[in-house]
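> build me a structure from this.
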Amino acid sequence: MGALQLAQDRDRLFYWGAGVVTLLFTCRLLLDYLGKWKALKPIPGVSPCYPLLGNALLFERKGEGNGHFFKQIVHNLEEFRNLPLLKLWIGPLPFVILYHPDAVEVVLNSSKHIEKSFPYKFLHPWLGTGLLTSTGDKWRSRRKMITPTFHFTILADFLEVMNEQANILVDKLEKHVDKEPFDCFLDITLCALDIICETAMGKNVGAQNNRDSEYVRALYKMSDLIHHRQKSPWLWSNLMYPMFQEGREHTRSLKILHSFTDNVIAEKVCEIKNHTQQKDDFDDNCEQSGPKKRRAFLDMLLNTTDNEGKKLSYMDIREEVDTFMFEGHDTTAAAMNWVIYLLGCHPEAQKKVHRELDEVFGNSDRPVTMDDVKKLRYLECVVKEALRLFPSVPFFARTTSEDCHIRGFKIPKAMEVIVVPYVLHREPEIFPDPEEFRPERFFPENSKGRHPYAYVPFSAGPRNCIGAFAVVPTTERMNLNGDFRSLWLITAAEHFLLVSHISIVITFSFFPWASPESTLHPLYCFPPYWDVVHM
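Below you'll find the model as predicted:
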């Protein structure tokens, strides 16, 4: 009897304890919420705003999903463009939104506000804590080690791969000449994926010819799963996630992705060990009797050292290769598709690009070289203008590491700050008639004196996209070689024209914690119907 009473008392004590802990935790959250509400009160915000609900009731929740949600946010920012910044409460979570160059500069130019938000932890199972997801001293050390590998010379090394894959794309596009309009988005995305995979790992997955390959399916499946998990609080628990169907699919996809990367790294390490002239293989300045060995990002990682001569560990290398794959293909594919769409909508710009290509290549169908790309100044402006109108990452976020002040408003420490290039790039005082497509905006004489933070398609400051220098020339190269020059040269330049059909669907996925280095979040997913017709 005494034992039974003791057990009952123990259970009662446990429930009381659990109740007290829950109450204290709730009070802590409530006090934290009230503290943020008070701290952010001076900052202008959208009305109506209710306790705990925030601005949630302001946004329509039917019909168009995340795309409509983002559209409403953009509408609010345009309505309050005269304000230096804007406060937005999504339920109990506050965000400070920046869309003016001087305000954006305060955060992006700081070496302190480089912290990532907690939803980045959902990338850790796949990417670990590499350049994208790491922070603090590890990020600084890793960035310092890897930065030297990202230079224009690497583009020359990758050029042969781009030419080969672009030729495959051209062969596929040729089949649509004089036929019904078609959705070119997937074809171009798979081309970008093939290029990124071969330049990252030195492995050709053949996505263009086999879009059903196990690795390609796992790559896109994993991206979709992470997308959904980030915006679904009930999936956040690592303990509960494997109990859901999505969690089990996540485990399967992760195994495929890591196994593929592990095998490629093992093959590359074995190849290096068996090579008697390792230094000659990787020395840019050496003389070789035969053709230069094609290098991949993985080759460079295996030979990267820090100031003390230490190399990256196996796990470090896998993290960076997976990150390169994850980040690399969507940004380039999105940029290429928007360039094609905009040129289809603006035949006068298309003709200028065509004339420039004729001046550089004439009637030759030779491979593209670095010198060719440097001469294509108007095409470069076209790509930059496309990225102004439709940045591959239309918004991204930072977490403030300390209090900061923007135009007299105090932004408290640990606040989520969202930078919205999609709106920033439409500042009328800097880009007159901002909705119009004008590549001439980026002529040197027209860019002179422009605010350095008025155009940030790849973020800016200490934690900008490490591969930003390559996106514009890479997009140029893939467009001129894969989409325009080759197509025209194969079929006689003056007889064909791209026509964009305006039946286009643009979908935005809203993730406030998006990163300037990641293409997982704000994703333009659209089919630009491209009709290749006789003039």
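> next, K87: secondary structure please.
strand (DSSP: H, G, I helix; E, B strand; the rest coil).
> what pairs with it across the strands?
In this entry, K87 is beta-bridged to G45, V96, by DSSP bridges.
> tell me, how many residues neighbour it?
22 (other CB atoms under 10 Å). No exception for glycine: its C-beta is placed from N, CA and C like everyone else's.
> help me confirm that it comes into contact with I43.
Yes: using CB atoms under 8 Å, K87 makes contact with I43 at a distance of 4.4 Å.
> quick check: neighbours shared by these two?
Taking CB atoms under 8 Å, 6 or more residues apart in numbering as the contact criterion, the common neighbours of K87 and I43 are V96.
> which non-adjacent residue is nearest F443?
Distances taken as CB to CB, 6 or more residues apart in numbering place C381 nearest to F443, at 6.5 Å, with adjacent residues excluded.
> would you mind measuring from that neighbour to A454?
16 Å (CB to CB, to the nearest Å).
> give me the more crowded residue out of those two.
Neighbour totals were compared for C381 and A454, and C381 leads with 23 against 20 (other CB under 10 Å).
> now stretch 217-230 - C-alpha only, PDB.
Extracted in PDB, the C-alpha atoms of stretch 217-230 (Å, rounded to 0.1, in the frame of the first residue of the first chain):
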ATOM      1  CA  ARG A 217      16.200  12.700 -58.700                       C
ATOM      2  CA  ALA A 218      17.700  12.700 -55.200                       C
ATOM      3  CA  LEU A 219      19.100  16.200 -55.600                       C
ATOM      4  CA  TYR A 220      15.700  17.700 -56.500                       C
ATOM      5  CA  LYS A 221      13.900  15.600 -54.000                       C
ATOM      6  CA  MET A 222      16.100  16.700 -51.200                       C
ATOM      7  CA  SER A 223      15.700  20.400 -52.200                       C
ATOM      8  CA  ASP A 224      11.900  20.000 -52.200                       C
ATOM      9  CA  LEU A 225      12.000  18.200 -48.800                       C
ATOM     10  CA  ILE A 226      14.100  21.000 -47.200                       C
ATOM     11  CA  HIS A 227      11.800  23.600 -48.700                       C
ATOM     12  CA  HIS A 228       8.800  22.100 -47.100                       C
ATOM     13  CA  ARG A 229      10.400  21.400 -43.800                       C
ATOM     14  CA  GLN A 230      11.600  25.000 -43.400                       C
END
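> and it, how far out from the chain middle?
Distance of stretch 217-230 from its chain centroid, counting by CA atoms, centre = their mean, to the nearest Å, is 14 Å.
> low-confidence stretches in this structure?
For the chain, residues meeting the criterion pLDDT under 70 lie at 1-9, 11, 59-69, 152, 275-293, 468-535.
> mind listing the strands for it?
Along the chain, the stretches classed as strands by DSSP state E are 86-90, 93-98, 182-183, 396-399, 404-406, 409-411, 416-419, 496-500, 529-534.
> so which elements touch the fourth one?
Same thing as strand 396-399. Contact here means 3 or more CB pairs under 8 Å, 6 or more residues apart in numbering; DSSP states H and E; on that basis strand 396-399 packs against strand 416-419.
> show me what the strand it packs on pairs with in its sheet, parallel or antiparallel.
Strand 416-419 has the following strand partners under DSSP bridges: strand 93-98 (parallel), strand 396-399 (antiparallel).
> so where's the longest helix in the chain?
helix 2-40 (DSSP state H).
> buried set for that one?
For helix 2-40, burial by neighbour count (16 or more other CB atoms under 10 Å) applies to Y33, K36, W37, A39, L40.
> what's the answer for stretch 350-365, then?
When burial is assessed from 16+ other CB under 10 Å, stretch 350-365 yields the following buried residues: Q350, K352, V353, H354, E356, L357, V360, F361.
> quick check: the first one vs Y378, distance?
Counting by CB to CB, the gap between Q350 and Y378 amounts to 11 Å.
> export stretch 405-414 to PDB, keeping only CA atoms.
C-alpha atoms of stretch 405-414 as PDB (Å, rounded to 0.1, in the frame of the first residue of the first chain):
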ATOM      1  CA  HIS A 405      20.900  51.800 -36.100                       C
ATOM      2  CA  ILE A 406      19.400  52.600 -39.500                       C
ATOM      3  CA  ARG A 407      18.200  56.100 -40.200                       C
ATOM      4  CA  GLY A 408      17.600  56.700 -36.500                       C
ATOM      5  CA  PHE A 409      15.800  53.500 -35.900                       C
ATOM      6  CA  LYS A 410      17.300  50.900 -33.500                       C
ATOM      7  CA  ILE A 411      17.400  47.300 -34.700                       C
ATOM      8  CA  PRO A 412      18.000  45.100 -31.600                       C
ATOM      9  CA  LYS A 413      20.400  42.200 -31.400                       C
ATOM     10  CA  ALA A 414      19.200  38.800 -32.600                       C
END
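> buried residues, that stretch. List them.
For stretch 405-414, the neighbour count (16+ other CB under 10 Å) marks I406, F409, I411, P412 as buried.
> the last one and T400 touch, don't they?
Yes: with contacts counted by CB under 8 Å, P412 reaches T400, the gap being 7.2 Å.
> who are the contact partners of the nearest residue to I411 once chain neighbours are set aside?
What sits nearest to I411 in space, not counting adjacent residues and going by CB to CB, 6+ apart, is C404, at 5.0 Å. Applying CB under 8 Å, 6+ apart to C404 gives the contacts V106, V107, S110, H113, K410, I411.
> wait, which of the strands paired with strand 416-419 is closest to N163?
strand 396-399 (32.0 Å; CB to CB).
> put the alpha carbons of that closest one into PDB.
Only the C-alpha atoms of strand 396-399 are listed here, as PDB (Å, rounded to 0.1, in the frame of the first residue of the first chain):
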ATOM      1  CA  PHE A 396      17.700  36.900 -48.100                       C
ATOM      2  CA  ALA A 397      18.200  37.300 -44.400                       C
ATOM      3  CA  ARG A 398      20.700  38.000 -41.700                       C
ATOM      4  CA  THR A 399      20.500  37.800 -37.900                       C
END
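> off-centre distance for that strand?
Put simply, strand 396-399 sits 13 Å off its chain's centre (CA atoms, centre = their mean).
> same deal with stretch 41-52?
Put simply, stretch 41-52 sits 30 Å off its chain's centre (CA atoms, centre = their mean).
> that stretch: which residues count as buried?
Under 16+ other CB under 10 Å, the buried positions of stretch 41-52 are I43, G45, V46, C49.
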